[in-house]
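1. sequence and computational prediction follow.
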Amino acid sequence: MKRPFAARAVLSALLGVGLAAGAAAQPAPPPSAQDSDPARLGWMVGSPPPPDKIIRRDDGSSYRFPQLRWTFSNVRQLSPTTNVSRGLLPSSPLPRAERNDLDAVGFVPIGRTDPMTWGQAFDANYTDGVIVLHKGRVVYERYAGVFKPTGQHIAQSVTKSFFGTLAAALVAEGKIDENAKVAQYVPELKDSGFGDATVRNVMDMRMGLKFSEAYADPKAEIWSYARAGNILPRPPGYEGPRSFYEYLRTVQKTGEHGGAFSYQTINSDVLGWIVRRVTGQSVGEVLSERIWSRMGMEQDAYFSVDSVGTEFAGGGLNTGLRDLARFGEMRARRLRRHGHPWPGHLRRSEGRDGDRALCVPPDRGQRGHRPDLAAGLPRAGPTPAGPPAIGVTRSCAGSGARLGWGPRRRRHP
């Protein structure tokens, strides 16, 4: 039925007012990478800094944009941490063959139609640092803000890659039974949603748990988890869990385990708990002993920890950019040679055919074998006796790492 002209006019006017009001209510665009540069803004400079330049964890300013661009390169200045030692041996050099043509490489971002160059992407993503390796050589390295080659930046969910690697190694060594129930290793989780899941379910994140990681939703469980683990400040009168492990005991089941993949950070912390129980060490000590001190890293790393000193295995690792590249290079070399990142020792734990062991036998460690040599990286000196180290062999195509944070990204803390 056709509306009378007057009615259509009124409707059009109301729609016009509504659209105008909606446009007026749109938030202002966030400051650019240059305008939010923490060095340019002078955050935390001075003795003491001016009141309007102070960033605090307890008032939540450390996780507000643009202050968080300073925070993510200075986590240990505001929060408790534990160290991940690189040991006392020399670092493995990363040969350099820098190129000046990468910034001009063009591409069309997903969801857009206009092209962008690699150089433009650096600021568009509010990047703090990026490094690119090709055939084992550094071809591109760039830093911004307060992040420096000698500094450490929070790696967020890249942390999970290290603990997936460590857990797979322990499965391959027979120290973890991937088919065992989680409660076998962590009885405290018997009555939680994890209790009847297998370790393999947790490793694959194929879990039916009541836990949302929708970062745009302020009521998502990920934020409650961050407050329990002391990553975010707790509101006045807070009476919830006060550590990562206390929170994990409260997680409930909403479906069957072993189904579809569902990305949930809490799985990595359960895996870290299992690693702790099996090894009798903290996850930071295990990471140091098996990877960080064995790969010729050039800096110590460190972990954010909760109020009882438990490392955040789901996202609390802070590292130098070049050391992330070393780990990526190790994985890329194996991928290039064999079409997968896992040597046989670990691939057998994934139920596939194997070829060569990833974990260096202890007797080779006692004879000074270094995984950086196995990976084809330059020699950095002998390695003392210890548990199996992780290494790979032969050539690779390339690897890299990027660290940064922008206002349009909502990831876990």
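-> In hand now; what should we look at? Residues are numbered from 1 along each chain as shown.
2. just the strands in this structure please.
-> According to DSSP state E, the chain carries its strands in the segments 81-84, 106-107, 116-117, 127-134, 137-143, 153-154, 301-304, 317-319, 398-404.
3. helices and strands around the third one, which ones?
-> I take that to be strand 116-117. Judged by 3 or more CB pairs under 8 Å, 6 or more residues apart in numbering; DSSP states H and E, strand 116-117 is in contact with strand 106-107. C-beta here means a position set from N, CA and C on the backbone, and glycine is covered the same way.
4. partner strands of the strand it packs on, parallel or antiparallel?
-> When pairing is defined by DSSP bridges, strand 106-107 lines up against strand 116-117 (antiparallel).
5. how about residues contacting the strand it pairs with?
-> Here strand 116-117 makes contact (CB atoms under 8 Å, 6 or more residues apart in numbering) with 103-109, 124.
6. circling back to that earlier point, tell me the most buried of the strands of the chain?
-> The highest average neighbour count among these, using mean count of other CB atoms under 10 Å, belongs to strand 317-319 at a mean of 27.
7. so how far is it from its chain's centroid?
-> Distance of strand 317-319 from the chain centroid (CA atoms, centre = their mean, to the nearest Å) equals 8 Å.
8. for stretch 266-280, same thing?
-> Mean-position distance between stretch 266-280 and its chain equals 17 Å (CA atoms, centre = their mean).
9. before we move on, back to that, okay if I get the strands of the chain as TSV plus mean pLDDT and distance to residue 192?
-> Below are the strands of the chain laid out as TSV (pLDDT from 0 to 100; distance: least, CB to CB, whole Å):
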stretch	mean pLDDT	distance to residue 192
strand 81-84	98	25
strand 106-107	96	44
strand 116-117	97	45
strand 127-134	96	36
strand 137-143	97	42
strand 153-154	98	28
strand 301-304	98	23
strand 317-319	98	25
strand 398-404	46	33
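10. look up how far residue 37 lies from the nearest residue to residue 48 once chain neighbours are set aside.
-> Distances taken as CB to CB, 6 or more residues apart in numbering put residue 54 closest to residue 48, at 7.2 Å, once the chain neighbours are dropped. Plainly put, residue 54 is 18 Å away from residue 37 if you go by CB to CB, to the nearest Å.
11. of those two, which one has the most company?
-> More crowded of residue 54 and residue 37, by other CB atoms under 10 Å: residue 37, with 21 against 14.
12. I'd guessed the more buried one sits against residue 145; true?
-> Yes: the pair residue 37 / residue 145 is scored as a contact, 5.3 Å apart, by CB atoms under 8 Å.
13. joint contacts of those two?
-> By CB under 8 Å, 6+ apart, the residues touching both residue 37 and residue 145 are residue 69.
14. now distance to residue 49 too, for the strands of the chain, in CSV please.
-> CSV is the format used below for those (distance: least, CB to CB, whole Å):
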stretch, distance to residue 49
strand 81-84, 21
strand 106-107, 40
strand 116-117, 35
strand 127-134, 20
strand 137-143, 22
strand 153-154, 21
strand 301-304, 22
strand 317-319, 22
strand 398-404, 23
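15. so which of those gets nearest residue 175?
-> Among the strands of the chain, strand 81-84 comes nearest to residue 175, with 20.5 Å by CB to CB.
16. what about the nearest residue to residue 200 once chain neighbours are set aside, how many neighbours?
-> Closest residue in space to residue 200, ignoring its immediate chain neighbours: residue 178 at 4.2 Å, by CB to CB, 6+ apart. Other residues lying near residue 178 total 19 when counted by other CB under 10 Å.
17. state the distance from residue 178 to residue 162.
-> Look at residue 178 and residue 162: by CB to CB, they are 18 Å apart.
18. residue ranges with poor pLDDT in the stretch 301-413 of the chain?
-> Across the stretch 301-413 of the chain, the ranges flagged by pLDDT under 70 are 334-413.
19. could you give the number of residues near residue 149?
-> Residues near residue 149, counting by other CB under 10 Å: 13.
20. no no, residue 150
-> Number of residues near residue 150 (other CB under 10 Å) recorded here: 8.
21. still on that earlier bit, may I have the phi/psi pair for the residue nearest to residue 200?
-> When quoted as degrees, to the nearest 10, the phi and psi of residue 178 stand at phi -70, psi -20.
22. I'd guessed it sits against residue 202; true?
-> No: Residue 178 is not in contact with residue 202 according to CB under 8 Å; the separation is 9.2 Å.
23. and stretch 154-163, end to end?
-> Length of stretch 154-163, first residue to last, CA to CA, to the nearest Å: 16 Å.
24. list the buried residues in that stretch.
-> For stretch 154-163, burial by neighbour count (16 or more other CB atoms under 10 Å) applies to 154-156, 158-163.
25. in those, find the pair that's most separated.
-> For these, the farthest-apart pair by CB to CB is 154 and 163; their separation is 15.5 Å.
26. which residues touch residue 257?
-> Taking CB under 8 Å, 6+ apart as the contact definition, residue 257 lies against 196-198, 201, 206-208.
27. again with residue 49
-> Residue 49 is in contact with 42-43, counting by CB under 8 Å, 6+ apart.
28. and it, how close does it get to residue 55?
-> To residue 55, residue 49 is 8 Å away according to CB to CB.
29. which neighbours do these two share?
-> residue 43.
30. can you put the buried residues of stretch 154-163 in JSON lines and add distance to residue 69?
-> Below are the buried residues of stretch 154-163 laid out as JSON lines (distance: CB to CB, whole Å):
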{"residue": "154", "distance to residue 69": "11"}
{"residue": "155", "distance to residue 69": "16"}
{"residue": "156", "distance to residue 69": "14"}
{"residue": "158", "distance to residue 69": "18"}
{"residue": "159", "distance to residue 69": "20"}
{"residue": "160", "distance to residue 69": "23"}
{"residue": "161", "distance to residue 69": "24"}
{"residue": "162", "distance to residue 69": "24"}
{"residue": "163", "distance to residue 69": "26"}
